[in-house]
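Visitor: after the sequence you'll find the predicted model.
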Amino acid sequence: HSATSVGAIRFACNQARSFCSGGGGLSAAAATATESAGSSGASLQHADQGVEAGGILNAAKYGGRHHVSLIPGDGIGPELMDSVKTIVNVAGSPIDFEEIPLSAERGTDEDMRRAILSIKRNGVGLKGNLETFEGMTSKNVQLRTKLDLFAYVQRCKSIEGVPSRYSDIDILVIRENTEGEYSQLEHFNVPGVVESFKIITEAKSRQIAKFAFDTAIKTRRHRVTAVHKANIMKLSDGLFLDVCRDVARDYPSIEFNDVIVDNCCMQLVARPQQFDIMVLPNLYGNIIGNIAAGLVGGPGVAAGMNIGRKYAVFEAGTRNSGRSIRGKNIANPSALLLTTADMLEYLGDAEDAKKLRNAVLTVLRSGIRTPDLGGSSNTKEVVDAVVQYLLQVRGH
Amino acid sequence: LCQPSYKMPSHQLLLQLMKRPSLLLQASRGLSAAAAGGTRTVTLIPGDGIGPEISNSVKKIFAAAKVPIVWDEVDVTPVKGPDGQFRIPQKAIDSVNKHGIGLKGPLATPVGKGHRSLNLALRKEFNLYANVRPCRSLEGYPTPYKNVDLVTIRENTEGEYSGIEHIIVDGVVQSIKLITETASRRVAKFAFEFALREGRRKVTAVHKANIMRLSDGLFLKCCREEAHKHPGVEFAEAYLDTVCLNMVQDPTQFDVLVMPNLYGDILSDLCAGLVGGLGVTPSGNIGESGAIFESVHGTAPDIAGKDLANPTALLLSGVMMLRHMQLGEFADRIEKACLDSIGDGRARTKDLGGGATCSQFTDTICSRVA
């Protein structure tokens, strides 16, 4: 888990932003604002400009402390978020959490609106998984599309001390996060027949492809692999693939290849070390992301981040609510803690990020593990071990 | 699909036959087969690339085992009809309709442009609605995953593979996934009947109804209804991503999995990968009036004609076919000969880490099975 990767991803997102707003400098909104303000353009400067200049995205920082929106979510979310708050405190990281009451039970349109407003205000969020009951639309999907978090990034790297059938895996899964099969456009054609639309657009495909290649450059990785099923879905996945190939031409230093999704799955369980960065549409990203996470240790150690042009929301990589283990004190806090470390890095606190990451990895290496990793410790014991490590480090 | 017993009183027999027209077809074939001295005719589609050589291997092995089967070889390369559309040749269609059982090698599908997948067209033509793929760890060919023994059952006619796509405006493409109650119910029913027949414990429906509420929701509803009608089999539901996550950590927790088309395609290949890849995985497509068994690997044009191909997948599909035709004794013998030969390191083909040619591997099996 190199410290440079999250910073690089943030940079890549900046690049994607400037690409999307048609070049660097002021965004269209800022241009209008300064225009209408006339001579007092300076005072109405959109945060964007400072962002572009400093390379730091629009993230709320009051008195030197980051303000982060926190959505505990359902299942094991609330208990694990408590662990996060404890550890962030002990580590002395300058983060204040603004807790948002959004869950499967409590989720009116107004609640959703407030959640989105909060994340827009703070720029960064940390969330648990929100369950979707029958008859509901997925709130997770709503959040991602409304905040235009177009990329979902999962770093799947073999962890020392975590049992796995493989070693030396280091895959970065970059998944388009807002369209494709998750467009949620469905209807009953006639009774007993449902049509569900998968939408692929050139714009979003280009955005995610460019993001992938920019990330490759910044993280000094060598190859981007596009995953698709264009032999069957000739127009939709065909478009995605064509766009990826086109974008690849602008990055001659990065190798590009493509693989059909079912073959990709087979390759992943046979020889996962062959993959570097993978760029995929939404559903395949879901499948491959979960497979890759399973290969390096499972949901307990997977970190994920939803990145958009302006906002970022961090969550546990495989997005499980863990309903069946709620309240039993056996949930693995590592995933959310590693995610928090990524978030710290994103916010520019590389030192704190490194400290937290080291703490978690050291504890994992030492054998203090929850049952999902074959250990016999409970959540509290793992959290206490991380706290101990941080206190020691702080003591120096 | 049970064969009517000749000891049954005739009125009961008639009642059974009237309820299941396919049974009538089978019965008549069975009778004619019995009349012909017990030989069945099976359509053989050798396919492209390595298809012809592995088909020859299978024919040779079946002959060595004295299986009472006569092969009717046909070619399914599409021909241009009078309306300009490409279609499967009528001769092939007639053959499969007549015999009701087919064994098929790999067919090529072009990526991007070109005619729609031939495999898809075959499935549509013969209404093969369920794809069954047993994935079992092979003794003698170990992979990092031990004791895998699961079956993926995939809806084979609709879903994401309807082939309905449109360009809405420049740069925006819409692909339609179609889920119908009829097809979902049919495959769910098959899954439970299969589980009961094969003595399997549990059927898990794999879906993403949290995202695709109407389509996967409908599929799930049909599975639940069939579960109620088959109380002898345990039923569970699981999200696709959770299944993938758990599959690569502990595949032994799964038994029979039933799902719509796309998920089935991906998951069945994932499972094949766990036990050694497509080169050793059999597959069967079940329809209402027949079945086609096939190897699911590619055509491997790079090794075609070089006697390097591995016929295991096609052979094991043939074994599945024999069991379907109630020729279980022959099936067991051939399967054992095949697995023993794989277990014997020297006799394996190159893709399994051995040094034998296709012909040598075939001969080894023939000698074991005779």
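Guide: The structure has been received and is ready for your questions.

Visitor: please count neighbours and contacts with C-alpha atoms only from this point.
Guide: OK.

Visitor: so where do the helices sit in the stretch 201-350 of chain A?
Guide: Along the stretch 201-350 of chain A, counting by DSSP state H, counting those that start in this stretch, helices occupy A:202-218, A:236-248, A:261-270, A:282-296, A:334-346, A:350-365.

Visitor: B:Val169: how many residues sit nearby?
Guide: Counted with other CA atoms under 10 Å in any protein chain shown, the neighbours of B:Val169 add up to 9.

Visitor: if it is in a bridge, with which residues?
Guide: On the basis of DSSP bridges, B:Val169 is bridged to B:Val172.

Visitor: could you do B:Lys177 as well?
Guide: Bridge pairing for B:Lys177 - DSSP bridges - gives A:Ser196.

Visitor: any idea how many residues pack against it?
Guide: B:Lys177: 23 surrounding residues under other CA under 10 Å.

Visitor: can I assume it is in contact with A:Val193?
Guide: No. Judged on CA atoms under 8 Å, B:Lys177 makes no contact with A:Val193 at a distance of 10.4 Å.

Visitor: if we can go back for a sec, reformat the helices of the stretch 201-350 of chain A as TSV; add distance to chain B.
Guide: Shown next, in TSV, are the helices of the stretch 201-350 of chain A (distance: least, CA to the nearest CA, whole Å):
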stretch	distance to chain B
helix A:202-218	5
helix A:236-248	6
helix A:261-270	4
helix A:282-296	5
helix A:334-346	15
helix A:350-365	18
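
Visitor: now those in TSV, with mean neighbour count, distance to B:Cys135 and mean pLDDT?
Guide: Converted to TSV, the helices of the stretch 201-350 of chain A look like this (neighbours: other CA atoms under 10 Å in any protein chain shown; distance: least, CA to CA, whole Å; pLDDT from 0 to 100):
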stretch	mean neighbour count	distance to B:Cys135	mean pLDDT
helix A:202-218	24	35	96
helix A:236-248	22	28	97
helix A:261-270	22	13	95
helix A:282-296	26	18	96
helix A:334-346	26	32	95
helix A:350-365	20	34	94
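
Visitor: out of these, which comes closest to A:Met81?
Guide: Checking the helices of the stretch 201-350 of chain A against A:Met81 by CA to CA gives helix A:334-346 as the closest, at 7.9 Å.

Visitor: helices and strands around the closest one, which ones?
Guide: Counting contacts by 3 or more CA pairs under 8 Å, 6 or more residues apart in numbering or on different chains; DSSP states H and E, helix A:334-346 packs against helix A:4-20, helix A:77-91, strand A:303-307, strand A:312-316, helix A:350-365.

Visitor: quick one: that helix to chain centroid distance?
Guide: Centre-to-centre, helix A:334-346 and its host chain are 10 Å apart (CA atoms, centre = their mean, to the nearest Å).

Visitor: please save the CA atoms from that helix in CSV.
Guide: Extracted C-alpha coordinates of helix A:334-346, given in CSV (Å, rounded to 0.1, in the frame of the first residue of the first chain):
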residue,chain,number,x,y,z
SER,A,334,-9.1,-3.4,9.0
ALA,A,335,-11.0,-2.6,5.7
LEU,A,336,-12.5,0.6,7.1
LEU,A,337,-9.3,1.6,8.8
LEU,A,338,-7.2,1.2,5.6
THR,A,339,-9.9,3.2,3.8
THR,A,340,-9.6,5.9,6.4
ALA,A,341,-5.8,5.9,5.8
ASP,A,342,-6.5,6.4,2.1
MET,A,343,-8.8,9.2,2.9
LEU,A,344,-6.1,10.9,5.1
GLU,A,345,-3.7,10.7,2.2
TYR,A,346,-6.3,12.2,-0.1
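
Visitor: which residues outside whatever helix or strand B:Ala188 lives in are in contact with it?
Guide: Assessed by DSSP states H and E, B:Ala188 sits inside helix B:181-198. Applying CA atoms under 8 Å, 6 or more residues apart in numbering or on different chains, the external contacts of helix B:181-198 come out as A:192-193, B:129-130, B:153-155, B:157-158, B:201-203, B:218-219, B:222-223, B:226-227, B:230, B:232-233, B:256, B:258, B:260.
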